[in-house]
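Trainee: Need coordinates for the following:
(one chain, ligands or ions: 1)
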Amino acid sequence: MEQYIMKGGNPLVGEVNISGAKNAALGILAAAIMTDEDVLIDNLPDVRDINVLLEAIAEIGATVERIDSHTVRINAGKIKEVSVDDEFIRKIRASYYFIGALLGKYKSAEVPLPGGCNIGSRPIDQHLKGFKALGAKVDIVKGSVVAHAIDLVGSHIYLDVVSVGATINIMMAAALAEGQTILENVAKEPHVVDVANFLNSMGANIKGAGTDVIRIKGVTKLHGTEYSVIPDQIEAGTFMCAAAATRGDITVKNVIPKHLEAISAKLAEIGCEIVEFDDAVRVVGKPKQHSTNIKTLPYPGFPTDMQPQMAVTLALAEGTSMVTESIFENRFKYVDELARMGGSIKVEGNVAVIDGVKNFTGAQVEAPDLRAGAALVIAGLAADGYTVVDEIGYIQRGYEQFEKKLQSLGAVIEKVDSEKEARKFQFRVG
Ligand code: EPZ
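Mentor: Here you go, the predicted structure:
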């Protein structure tokens, strides 16, 4: 089983290019099947979730041409199936976007319910509420969502919960419904806006993405397009926290600083120096960083996907911090792993009380999920001695060339897949 092994203690210094946003690309790739014409998408992150989704798109009969590891041409003119294969879909959560895309285009979809994952139950009741409001009949049959509609007709939908997935999924189905759909209490994340912009580049008529109300005027057809995915706000934030936790100096490049404001603000609050450029942000960690409080909220609030990485940074700051996770019910699984490195965090309900310590000591830990895994790597790079992070498949789902980008910043880290390789690493770095 592949692992990351690292020797901590080096401040991370330098520049790192941020890849395209995984959570925008997943919605965009699903929406790409809504036209029968060619769609060219670039700045895709070369990560496992994207590659699995592309396999699933090819599986239902679309042609998928990989131009290079970040660019793909898709033509869904020959899709023969509106029932998506279970094998691929079980692997990723964003498979639920096939429902909105297929229902919008073919008025029919059969997609296995996505499994839950380690951060919470992840229901999709709001997605289904939206499809039903547009006139679809939706049933759960043998573990799959089966949705059919004679016609999709625009409707006024108010989401009970601010949901990124439901906002994107309903937006896709409504893009090809008759008449106007008003979608309220929507998610405003940058990746929601990116999917809306992508659909509009295909001829959809979507206004208000990024605000509390999205208005969609259904069109009869969508045409081909060429589109570039926005930079990944969470990958950028992860490297920003790595600079703070290792007291380094990292400039994240090819970013949209506005998308990083909540993260920059919190790092400035604990004492880091933040310098913003047009398409880059520089974070300089300071020897004395102090506590603050975090509450995860829908955008533009502090992102839940940055909660573990910020918690690790606070665990190495002076004083006591409170981290409240208000989006998911089970997103503190990394706390026990961090305790093995000397972290002092107590979890009570959805609040983690963090007592900062001077340093961590390296240990063998296990990634419980994607973002917590990245946070444990940051902890290992800040720790004294060696750390091994297990189950790095989670991390590879969302971070492109993670260890290579870290190495370019001076991290002593390698991906190994045997005890022998780990010993060779330790012998080599001493
Ligand atoms: C997206 O998940 C992201 N995944 C998640 O990123 C991210 O944490 C999350 O949005 C919040 O920003 C992708 O985009 C593929 P939600 P999603 O629907 O859409 C509840 C990562 O690390 N809810 O916004 O599934 C839900 O339980 C991943 O890249 C319902 O109750 O999240 C949660 O408490 C992890 N009913 C809250 O809403 C629904 O129908 C927010 O979930 C849908 C959601």
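
Trainee: and this protein, which of its residues are near the ligand?
Mentor: Counting by CB under 6 Å from any ligand atom, the chain comes close to the ligand at 23, 26, 93-94, 120, 122-127, 161, 163-166, 187, 189, 304-305, 327-328, 370-371, 398. Any C-beta I mention is one placed from the backbone N, CA and C, and that applies to glycine too.

Trainee: Give me the number of neighbouring residues for the residue in the chain that the ligand sits nearest to.
Mentor: Per CB to the nearest ligand atom, Gly165 is where the chain lies closest to the ligand, at 2.8 Å. Using other CB atoms under 10 Å, Gly165 has 22 neighbouring residues.

Trainee: Just the CA coordinates for the helix or strand Ile378 falls within, please, in CSV.
Mentor: Following DSSP states H and E, one finds Ile378 within helix 370-382. Only the C-alpha atoms of helix 370-382 are listed here, as CSV (Å, rounded to 0.1, in the frame of the first residue of the first chain):
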residue,chain,number,x,y,z
LEU,A,370,-8.9,13.5,1.6
ARG,A,371,-8.4,16.8,3.4
ALA,A,372,-7.5,15.3,6.8
GLY,A,373,-4.8,13.3,4.9
ALA,A,374,-3.3,16.5,3.5
ALA,A,375,-3.4,18.0,7.0
LEU,A,376,-1.5,15.1,8.4
VAL,A,377,1.2,15.5,5.7
ILE,A,378,1.5,19.2,6.8
ALA,A,379,1.8,18.0,10.4
GLY,A,380,4.6,15.5,9.4
LEU,A,381,6.5,18.2,7.5
ALA,A,382,6.4,20.5,10.6
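
Trainee: Residue numbering should commence at 13 henceforth.
Mentor: Sure thing, new numbering starts at 13, so read that last one as helix 382-394.

Trainee: Centre of the chain to that helix, how far?
Mentor: 15 Å (CA atoms, centre = their mean, to the nearest Å).

Trainee: can you tell me which residues contact the closest residue to Ser240 other than its chain neighbours?
Mentor: Nearest residue to Ser240, sequence neighbours excluded (CB to CB, 6 or more residues apart in numbering): Asn55, at 4.6 Å. By CB atoms under 8 Å, 6 or more residues apart in numbering, the contact list for Asn55 reads Ser31, Gly32, His82, Thr83, Ser240, Val241, Ile242, Pro243.

Trainee: go with 7 Å
Mentor: By CB atoms under 7 Å, 6 or more residues apart in numbering, the contact set of Asn55 is Gly32, His82, Ser240, Val241.

Trainee: Provide a list of residues in contact with Ala145.
Mentor: So Ala145 contacts Ser167, Ile169 (CB under 7 Å, 6+ apart).

Trainee: SS state for Met353?
Mentor: coil (DSSP: H, G, I helix; E, B strand; the rest coil).

Trainee: which of the residues of the chain next to the ligand count as buried?
Mentor: The neighbour-count criterion (16 or more other CB atoms under 10 Å) marks 35, 38, 105-106, 134, 136, 138-139, 175-178, 199, 201, 316-317, 339-340, 382-383, 410 among these as buried.

Trainee: And the next helix or strand past the helix or strand hosting Gly249?
Mentor: Assigned by DSSP H and E, Gly249 belongs to helix 245-257. Counting by DSSP H and E, the element after helix 245-257 in chain order, helix or strand, is strand 261-265.

Trainee: Counting by contacts, list what that following strand packs against.
Mentor: Here strand 261-265 touches strand 25-29, helix 245-257, strand 292-296, going by 3 or more CB pairs under 7 Å, 6 or more residues apart in numbering; DSSP states H and E.

Trainee: So what touches the following helix or strand past the first one?
Mentor: In this case it means strand 25-29. Sequence order places helix 34-43 as the next helix or strand after strand 25-29, per DSSP H and E. By CB under 7 Å, 6+ apart, the surrounding residues in contact with helix 34-43 are 53, 56-57, 59, 61-62, 65-66, 69, 106, 109-110, 113, 180, 184, 203, 206-207, 210-211, 239, 241-242, 244, 410.

Trainee: Give me the buried subset of the residues you listed.
Mentor: Buried members of the contacts of helix 34-43, counted by 16+ other CB under 10 Å: 53, 56-57, 59, 61-62, 65-66, 69, 106, 109-110, 113, 180, 184, 203, 206-207, 210-211, 239, 241-242, 244, 410.

Trainee: Tell me which of those fall in strands.
Mentor: Ile53, Tyr239 (DSSP state E).

Trainee: Next one, pLDDT for the closest residue in space to Ala351 that isn't next to it in sequence please.
Mentor: Setting aside the residues directly before and after it, Ala351 is nearest to Ile357 in space (CB to CB, 6+ apart), at 7.1 Å. The predicted structure scores Ile357 at 98 on the pLDDT scale.

Trainee: list the contacts for Ile357?
Mentor: Contacts of Ile357 (CB under 7 Å, 6+ apart): Ala323, Ala327, Val347, Leu350, Ala364, Val365, Ile366.

Trainee: taking those residues one by one, which sit in helices?
Mentor: Residues of these located in helices (DSSP state H): Ala323, Ala327, Val347, Leu350.

Trainee: farthest pair in the residues you listed?
Mentor: Maximum pairwise distance among the ones in helices among the contacts of Ile357 (CB to CB): 9.3 Å, between Ala327 and Val347.

Trainee: which of those two has more neighbours?
Mentor: Set Ala327 next to Val347 and count neighbours by other CB under 10 Å: Ala327 wins out with 28 against 21.

Trainee: which SS state does Glu99 fall under?
Mentor: Of the three states, Glu99 takes helix according to three-state DSSP.

Trainee: can you count the residues close to it?
Mentor: As a burial measure, Glu99 scores 12 neighbours (other CB under 10 Å).

Trainee: Relative to Pro124, how far out is it?
Mentor: In this view, Glu99 and Pro124 are 9 Å apart by CB to CB, to the nearest Å.

Trainee: do the same with Gln192
Mentor: According to CB to CB, Gln192 stands 32 Å off from Pro124.

Trainee: Looking at the two, which is more packed in?
Mentor: The residue with more neighbours, out of Gln192 and Pro124, is Pro124; 20 against 15, by other CB under 10 Å.

Trainee: which residues touch the more buried one?
Mentor: For Pro124, the contact set (CB under 7 Å, 6+ apart) comprises Asp98, Ile101, Arg102, Gly155, Ser156.

Trainee: Can you give the contact residues for stretch 424-436?
Mentor: 13-19, 22, 393, 400, 415, 418-419, 437, 441.
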